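1. Fold the following.
(chains A and B)
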2 protein chains.
Amino acid sequence: MVHRAPDTIEVAQGAFGHFSHGLATGEWKPFVEMLTDDFTFWFPVGPYQGLNVGKERAIAFFEYVSEVFNQGLSVTLDRVTSNETTVVFEFRDEGKMRGEPYKNRIAVSFDVRGDKICGYREYFGSDGKSN
Amino acid sequence: MVHRAPDTIEVAQGAFGHFSHGLATGEWKPFVEMLTDDFTFWFPVGPYQGLNVGKERAIAFFEYVSEVFNQGLSVTLDRVTSNETTVVFEFRDEGKMRGEPYKNRIAVSFDVRGDKICGYREYFGSDGKSN
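-> You can find the predicted model right below:
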């Protein structure tokens, strides 16, 4: 059976708000401040494909994301699921990738430890052209 | 706040067992029997990329999957999250795609209605070569 600690979803929702803000504006500081020092993330494609370890690596990644999408991405959240430690956000994003129209469907799975995010896994549900 | 009906996760877990069995064996009937007639699914890539509507379309898709992975895929379930209507399974799969080594990280999000699955969305977390 799956139960969740009372604060897991609230911590993750706060982090997801900062994550969306980072995608929209390139301002990642509020999200990065919620990451543990031993933060890890998985990304599906490109130079950060696979497992990435450490907060510094994450900071470099978010800079890279905001170079690729330098006009920002807007996020539409569709669905949230959770268990005691993990919260999954299904959303669509839209914007321009290096000037070209971009749309995708995404799932990100945030692992919560205390009031921080200690890891996430990102999954792509579409092709960058439709969502 | 997120709550779940008592049976949502159990229905989805039963369906996920049949889904994994289909991937491993090519025998999709038990999974297909759990789908509503108006079942829809989203798939990220290939000839079924995007939204697919109807049970017949799903049956054709599963035949296609079991042609591409004709020796079967083995599934390792890592994580389950849920809300009142939706259950997300994060897993890794491994096998051969048209004879070549294949590995991926996957999230599938099942929507439950009564004792059936009325839709799902599949997301890819890796590149087909590592998981």
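2. can you pull the contacts of the nearest residue to A:Val80 once chain neighbours are set aside?
-> Leaving out its chain neighbours, the residue that sits closest to A:Val80 by Cβ to Cβ, 6 or more residues apart in numbering or on different chains is A:Phe89, at 5.7 Å. (Glycine included, C-beta is placed from N, CA and C.) For A:Phe89, the contacting residues are A:Ala12, A:Phe16, A:Leu77, A:Arg79, A:Val80, A:Ala107, A:Val108, A:Phe110, by Cβ atoms under 8 Å, 6 or more residues apart in numbering or on different chains.
3. among those residues, which ones are buried?
-> Restricting the contacts of A:Phe89 to buried positions leaves A:Ala12, A:Phe16, A:Arg79, A:Val80, A:Ala107, A:Val108, A:Phe110, with burial counted as 16 or more other Cβ atoms under 10 Å in any protein chain shown.
4. Among those residues, which are located in helices?
-> Residues of the buried ones among the contacts of A:Phe89 located in helices (DSSP state H): A:Ala12, A:Phe16.
5. Of the buried ones among the contacts of A:Phe89, which is the nearest to chain B?
-> A:Ala107 (4.5 Å; Cβ to the nearest Cβ).
6. Quick check: the closest one touching A:Arg92?
-> No - the pair formed by A:Ala107 and A:Arg92 falls short of the contact definition of Cβ atoms under 8 Å, at 10.8 Å.
7. Just the buried positions in stretch A:11-20, please.
-> A:Val11, A:Ala12, A:Gln13, A:Gly14, A:Ala15, A:Phe16, A:His18, A:Phe19, A:Ser20.
8. Could you count how many residues lie near the nearest residue to the last one once chain neighbours are set aside?
-> The shortest distance from A:Ser20 to any non-neighbouring residue, by Cβ to Cβ, 6+ apart, is to A:Val75 (4.3 Å). A total of 20 residues lie near A:Val75 under the criterion other Cβ atoms under 10 Å in any protein chain shown.
9. quick check, A:Val75 in a strand?
-> Yes - the assignment for A:Val75 (DSSP: H, G, I helix; E, B strand; the rest coil) places it in a strand.
10. Helices of chain A, start to end?
-> Ranges of helices in chain A, per DSSP H, are A:8-25, A:29-32, A:55-68.
11. Contacts only, for the residue in chain A that chain B sits nearest to.
-> The nearest approach of chain A to chain B comes at A:Tyr123, 3.4 Å away (Cβ to the nearest Cβ). A:Tyr123 is in contact with A:Pro44, A:Ile106, A:Ala107, A:Val108, A:Ser109, B:Arg105, B:Ile106, B:Ala107, B:Tyr123, B:Phe124, B:Gly125, counting by Cβ under 8 Å, 6+ apart.
12. Next up, the contacts around the third one.
-> What that stands for is A:Ala107. Here A:Ala107 is in contact with A:Val88, A:Phe89, A:Glu90, A:Phe91, A:Glu122, A:Tyr123, A:Gly125, B:Val88, B:Ala107, B:Ser109, B:Arg121, B:Tyr123 (criterion: Cβ under 8 Å, 6+ apart).
13. Only alpha carbons, please: show stretch A:59-77 as PDB.
-> Extracted C-alpha coordinates of stretch A:59-77, given in PDB (Å, rounded to 0.1, in the frame of the first residue of the first chain):
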ATOM      1  CA  ILE A  59      23.300  24.200 -12.100                       C
ATOM      2  CA  ALA A  60      25.300  23.700 -15.400                       C
ATOM      3  CA  PHE A  61      22.300  21.800 -16.800                       C
ATOM      4  CA  PHE A  62      19.800  24.500 -16.000                       C
ATOM      5  CA  GLU A  63      22.100  27.100 -17.600                       C
ATOM      6  CA  TYR A  64      22.200  24.900 -20.700                       C
ATOM      7  CA  VAL A  65      18.400  24.500 -20.700                       C
ATOM      8  CA  SER A  66      17.900  28.300 -20.600                       C
ATOM      9  CA  GLU A  67      20.400  28.700 -23.500                       C
ATOM     10  CA  VAL A  68      18.500  26.200 -25.600                       C
ATOM     11  CA  PHE A  69      15.200  27.800 -24.700                       C
ATOM     12  CA  ASN A  70      16.400  31.300 -24.300                       C
ATOM     13  CA  GLN A  71      12.900  32.800 -24.700                       C
ATOM     14  CA  GLY A  72      11.500  30.600 -22.000                       C
ATOM     15  CA  LEU A  73       9.100  27.700 -21.900                       C
ATOM     16  CA  SER A  74       5.500  27.900 -20.600                       C
ATOM     17  CA  VAL A  75       4.200  25.000 -18.600                       C
ATOM     18  CA  THR A  76       0.700  23.600 -18.400                       C
ATOM     19  CA  LEU A  77       0.400  21.200 -15.400                       C
END
